[in-house]
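>>> This is a predicted model, with the sequence first.
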Amino acid sequence: MPDPDERPAVAIFDLDGTLVVGQTQLLLVRYLYKARVISRVFLAGTALWFLAYKAGLVKVTEASRAKGAQVLAGLTVAEADDLMLRFTEEVMVPRLHPASSAALAEHLAEGDTVVVVSAALDPLVRALCRHLGVKDYACAVCEIVDGRYTGRLTGLVPYAGEKARVAAALVAERGADPAGCWAYADHDSDLELLRFVGHPVAVNPRPGLRAVAEREGWPILQSPTPETGGSSNG
């Protein structure tokens with residue numbers, strides 16, 4: 001094994017609420033409705049779910065995440081990629097957190113391996129990573145059959161504990177020492193991820209995470225947060 005001081009550093013970034021202000025799934029549904037890809041009924045159902053989520057009446061589950069993949073059902077890979085590219089440029093880029101995106105650029109400049117780990121859909125994450133110059137990511141993988149998205153997910157979604165396990169595997173694959181790695185997140189469901197690394201950073205933290213960060217003395221990056229419909233931690 002290389003000397004600990006010479007081992008590579010990995011910087012892990014959450015997406016929703018960390019790199020991008022707001023909840024990408026809700027933003028995407030609104031965008032696809034305007035693009036006439038999904039129906040008014042689908043839009044209304046999604047909006048109602050997020051209202052219930054903000055009120056604490058429902059929780060994020062594997063079933064609710066799987067339903068989110070239905071926005072891509074029937075689209076070819078090329079059609080989805082084109083939509084995600086436009087969505088990224090028109091919606092995501094203007095919502096990038098100045099502080100966390102600057103930190104990401106700094107890690108890239110230092111030669112660190114930057115990885116985005118998110119529960120968001122893979123075509124969306126891939127498009128944003130391409131814009132940011134990030135090669136490595138892990139996300140919710142959407143099923144493709146005969147060149148079209150089925151509207152279903154495959155495999156486990158990297159959320160909460162699963163996000164931490166995915167990050168640990170990525171760090172191990174690269175021969176990095178967790179003590180020399182970084183993680184950026186906004187939600188208390190990411191505490192397992194943040195505690196896994198030696199350099200945890202809270203970004204616009206939700207109350208639960210803020211309390212832990214302040215108690216532990218973790219750095220806190222704060223950026224303006226316009227009204228976005230909330231974050232369900234992607």
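Yep, it's here.
>>> When you work out contacts or count neighbours from here on, use the C-alpha atoms and nothing else.
Will do.
>>> can you give me the helices for this protein?
Under the criterion DSSP state H, helices of the chain are mapped to 24-34, 40-54, 62-68, 77-87, 98-110, 122-132, 161-173, 191-196, 207-216.
>>> got the ones you listed as CSV, with mean neighbour count columns?
Shown next, in CSV, are the helices of the chain (neighbours: other CA atoms under 10 Å):
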stretch, mean neighbour count
helix 24-34, 19
helix 40-54, 15
helix 62-68, 15
helix 77-87, 17
helix 98-110, 16
helix 122-132, 19
helix 161-173, 18
helix 191-196, 20
helix 207-216, 14
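>>> JSON lines please, covering those helices and showing mean pLDDT.
Putting those into JSON lines (pLDDT from 0 to 100) gives the following:
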{"stretch": "helix 24-34", "mean pLDDT": "90"}
{"stretch": "helix 40-54", "mean pLDDT": "68"}
{"stretch": "helix 62-68", "mean pLDDT": "71"}
{"stretch": "helix 77-87", "mean pLDDT": "96"}
{"stretch": "helix 98-110", "mean pLDDT": "96"}
{"stretch": "helix 122-132", "mean pLDDT": "97"}
{"stretch": "helix 161-173", "mean pLDDT": "95"}
{"stretch": "helix 191-196", "mean pLDDT": "97"}
{"stretch": "helix 207-216", "mean pLDDT": "96"}
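>>> Turn these into CSV, columns for distance to residue 183.
Converted to CSV, the helices of the chain look like this (distance: least, CA to CA, whole Å):
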stretch, distance to residue 183
helix 24-34, 20
helix 40-54, 25
helix 62-68, 23
helix 77-87, 25
helix 98-110, 11
helix 122-132, 16
helix 161-173, 9
helix 191-196, 6
helix 207-216, 13
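>>> Which residues are in contact with the closest residue in space to residue 108 that isn't next to it in sequence?
Leaving aside its chain neighbours, residue 108 sits nearest to residue 114 (6.7 Å; criterion: CA to CA, 6 or more residues apart in numbering). For residue 114, the contacting residues are 10, 11, 12, 13, 104, 107, 108, 134, 135, 136, by CA atoms under 8 Å, 6 or more residues apart in numbering.
>>> which of these lies closest to residue 175?
residue 10 (9.7 Å; CA to CA).
>>> In space, what's closest to residue 31 - neighbours in sequence excluded?
Counting by CA to CA, 6+ apart, residue 31 lies nearest to residue 87, which is 7.1 Å off, once chain neighbours are set aside.
>>> looking at it, that neighbour is touching residue 28, isn't it?
Yes. Judged on CA atoms under 8 Å, residue 87 makes contact with residue 28 at a distance of 7.3 Å.
>>> before we move on, the earlier item: which ones among the contacts of residue 114 lie within strands?
Cross-referencing the contacts of residue 114 against strands under DSSP state E gives 10, 11, 12, 13, 136.
>>> Alpha carbons only: can I get stretch 121-137 in PDB?
Provided in PDB are the C-alpha atoms of stretch 121-137 (Å, rounded to 0.1, in the frame of the first residue of the first chain):
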ATOM      1  CA  LEU A 121     -32.100   9.300 -12.200                       C
ATOM      2  CA  ASP A 122     -29.000   8.300 -14.100                       C
ATOM      3  CA  PRO A 123     -29.600  10.300 -17.300                       C
ATOM      4  CA  LEU A 124     -30.000  13.400 -15.300                       C
ATOM      5  CA  VAL A 125     -26.900  12.800 -13.100                       C
ATOM      6  CA  ARG A 126     -24.900  11.900 -16.200                       C
ATOM      7  CA  ALA A 127     -25.800  15.200 -17.900                       C
ATOM      8  CA  LEU A 128     -25.000  17.300 -14.900                       C
ATOM      9  CA  CYS A 129     -21.700  15.500 -14.400                       C
ATOM     10  CA  ARG A 130     -20.700  16.100 -18.000                       C
ATOM     11  CA  HIS A 131     -21.300  19.800 -17.500                       C
ATOM     12  CA  LEU A 132     -19.200  19.800 -14.300                       C
ATOM     13  CA  GLY A 133     -16.400  17.700 -15.800                       C
ATOM     14  CA  VAL A 134     -17.000  14.800 -13.400                       C
ATOM     15  CA  LYS A 135     -16.400  11.400 -14.800                       C
ATOM     16  CA  ASP A 136     -17.500   9.200 -11.800                       C
ATOM     17  CA  TYR A 137     -21.000   9.000 -10.400                       C
END
